[in-house]
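In: can't give you the sequence, but here's the structure:
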């Protein structure tokens, strides 16, 4: 389901602000849960096709949801990938336009607790404007 | 205004400080920590339950307002938990050696550091 221009522009502006305020953030992406990219911002050194990123986020969303529903009997809310050189977080978003996944990755100078706070706040900010 | 590392540095400057942390009590995760003397990752998760339990108790009793701080006296340690007013869902956590610290003074300093903590 394509998101409208207003959501895309709002998210783009919010992502830009976050990238400016937090040097540790590498990438922020909003995609539909079925893999269509909406908008993303990333550092110049990050070479990632938006379509590929949206597909990866959608896959993570789908798998996380399936596992969460199977084990916890509830849909997933936040998922993390912790690596040696940084972390990636995925948040499931229910907006008036449909179901989305918000992805944020940061380098090792931002720990996973901080990343969780960052992405949760951004998700809430978007939700509050488009629920 | 101070960032996480500056706040942690300030907490470790308090007389008798053994360890300190800034914690997200909604998840139990550490945003930053300093010092030793206690497993701060475990303490963050455990003390998050303390804060949530107190908030739930206050809600069921119809007590309005928030928690300013929680002071815990142990055999050899003092613990101070202070929720952040500028960052909803976060708290400052301080572990002190009872022999070498003054609780009233430490409480005051934690208050000042919490007030100067910028929005994370």
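Out: Now that the structure is in, tell me what you want to look at. Not measured: the values here are computed from a predicted model. Residues are numbered from 1 along each chain as shown, chains lettered A, B, ... in the order given.

In: contact residues of chain A facing chain B?
Out: Listed as neighbours of chain B in chain A under the rule CB under 8 Å from any CB of the partner chain: A:111, A:112, A:113, A:114, A:116, A:117. Every residue, glycine included, has its C-beta placed from N, CA and C.

In: if we go to 10 Å?
Out: Counting by CB under 10 Å from any CB of the partner chain, the residues of chain A close to chain B are A:21-22, A:78, A:80, A:110-118, A:120-121.

In: between those, which sits nearest residue B:79?
Out: Nearest to residue B:79 out of the residues of chain A next to chain B is residue A:113 (CB to CB; 19.4 Å).

In: picking up where we left off before, of the residues of chain A next to chain B, select the buried ones using a PyMOL command.
Out: Selection of buried members from these for PyMOL, criterion 16 or more other CB atoms under 10 Å in any protein chain shown:
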select buried, chain A and resi 22+78+110+111+112+113+114+115+116+117+118+120+121
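
In: which one of the residues of chain A next to chain B is nearest chain B?
Out: residue A:113 (3.4 Å; CB to the nearest CB).

In: quick one: average pLDDT of the helix or strand where residue A:118 lies?
Out: Per DSSP states H and E, residue A:118 falls inside helix A:112-130. Helix A:112-130 shows a mean pLDDT of 94.

In: how about stretch B:113-120?
Out: Here the average pLDDT along stretch B:113-120 is 94.

In: give me the contacts around that stretch.
Out: Stretch B:113-120 is contacted by residues A:21-22, A:113-114, A:117-118, A:121, B:1-4, B:6-11, B:13-14, B:20, B:22, B:24, B:31-32, B:68-69, B:80, B:82-92, B:94 when judged by CB atoms under 10 Å, 6 or more residues apart in numbering or on different chains.

In: pull out the buried members of those residues.
Out: Counted by 16+ other CB under 10 Å, those give A:22, A:113-114, A:117-118, A:121, B:4, B:7-8, B:10-11, B:14, B:20, B:22, B:24, B:31-32, B:80, B:82-84, B:87, B:89-92, B:94 as buried.

In: can you tell me which of those residues end up in helices?
Out: Under the assignment DSSP state H, the buried ones among the contacts of stretch B:113-120 contribute A:113, A:114, A:117, A:118, A:121, B:4, B:7, B:8, B:10, B:11 to helices.

In: hmm, residue A:18 and the fifth one touching each other?
Out: Yes - under the contact definition of CB atoms under 10 Å, residue A:121 touches residue A:18, with a separation of 9.2 Å.

In: excluding chain neighbours, what is closest to residue 27?
Out: No chain was given, so I picked chain A. residue A:42 (4.0 Å; CB to CB, 6 or more residues apart in numbering or on different chains).

In: sorry, should have said chain B
Out: residue A:116 (5.8 Å).

In: for the residue of chain B at minimum distance from chain A, name its beta-bridge partners.
Out: Chain A sits closest to residue B:29 of chain B, with a gap of 3.4 Å, by CB to the nearest CB. With DSSP bridges as the criterion, residue B:29 is bridged to residue B:24.

In: tell me the pLDDT of it.
Out: 94.
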